[in-house]
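Visitor: Sequence first, then the predicted structure, then my questions.
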Amino acid sequence: MLRHLALATLATTAVGTAGFGPLPLPLFASPDTLKVTVAESGYPNADGTFELTCDGRAGGNHPAREDACERLGQLAEEGANPFGPVPADQLCTQVYGGPAVAHVTGTWQGRTVDARFSRADGCEIDRWENLEPVLPLVRG
């Protein structure tokens with residue numbers, strides 16, 4: 001009996017997918033959820049801690065949540081990791097972009113995020129600006 005049930009299930013599965021490829025697996029991906037803390041930006045409205053959730057619609061109290069989620073989507077499509085550190089062997093211009101610092105924690109694309117940002121040199125400035133508007137525009 002069990003053998004017949006298994007064969008019937010196998011036949012139904014084969015017929016149900018013939019010509020259409022495999023059945024899609026349900027996606028249980030958690031939404032991108034980030035906490036963005038900004039300090040010393042020189043802009044009172046930019047400093048603070050903001051929540052950002054991107055799961056088909058933008059949520060949280062981030063002041064630019066729609067644009068921030070759109071940017072994170074672009075970075076995901078590019079396969080980029082905007083939260084990775086500057087490589088240790090990277091040559092960076094010695095340009096100071098100001099005292100602003102940021103700390104981003106949470107999850108993005110199923111990965112844990114715990115990244116710190118500054119504007120201490122050219123590489124860090126580029127890294128910050130690549131993540132705008134998740135991080136605020138703080139240029140003078």
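Guide: Received it, and whenever you're ready, just let me know what you need.

Visitor: From residue 83, how far off is the nearest residue to residue 92 once chain neighbours are set aside?
Guide: Distances taken as Cβ to Cβ, 6 or more residues apart in numbering put residue 123 closest to residue 92, at 3.7 Å, once the chain neighbours are dropped. (Each C-beta comes from the backbone N, C-alpha and C, glycine too.) Residue 123 sits 14 Å away from residue 83, going by Cβ to Cβ, to the nearest Å.

Visitor: More neighbours: which of the two?
Guide: Per other Cβ atoms under 10 Å, whichever of residue 123 and residue 83 has more neighbours is residue 83, with 22 against 16.

Visitor: residues contacting that one?
Guide: Counting by Cβ atoms under 8 Å, 6 or more residues apart in numbering, residue 83 touches 104, 108, 113, 115.

Visitor: Now the second one. Its backbone dihedrals?
Guide: Okay, so that is residue 108. phi -150, psi 130 (degrees, to the nearest 10).

Visitor: So what sits opposite the nearest residue to it once chain neighbours are set aside in the bridge?
Guide: Spatial nearest neighbour of residue 108, chain neighbours left out: residue 32 (4.8 Å); criterion: Cβ to Cβ, 6+ apart. With DSSP bridges applied, residue 32 shows beta-bridge pairing to residue 54.
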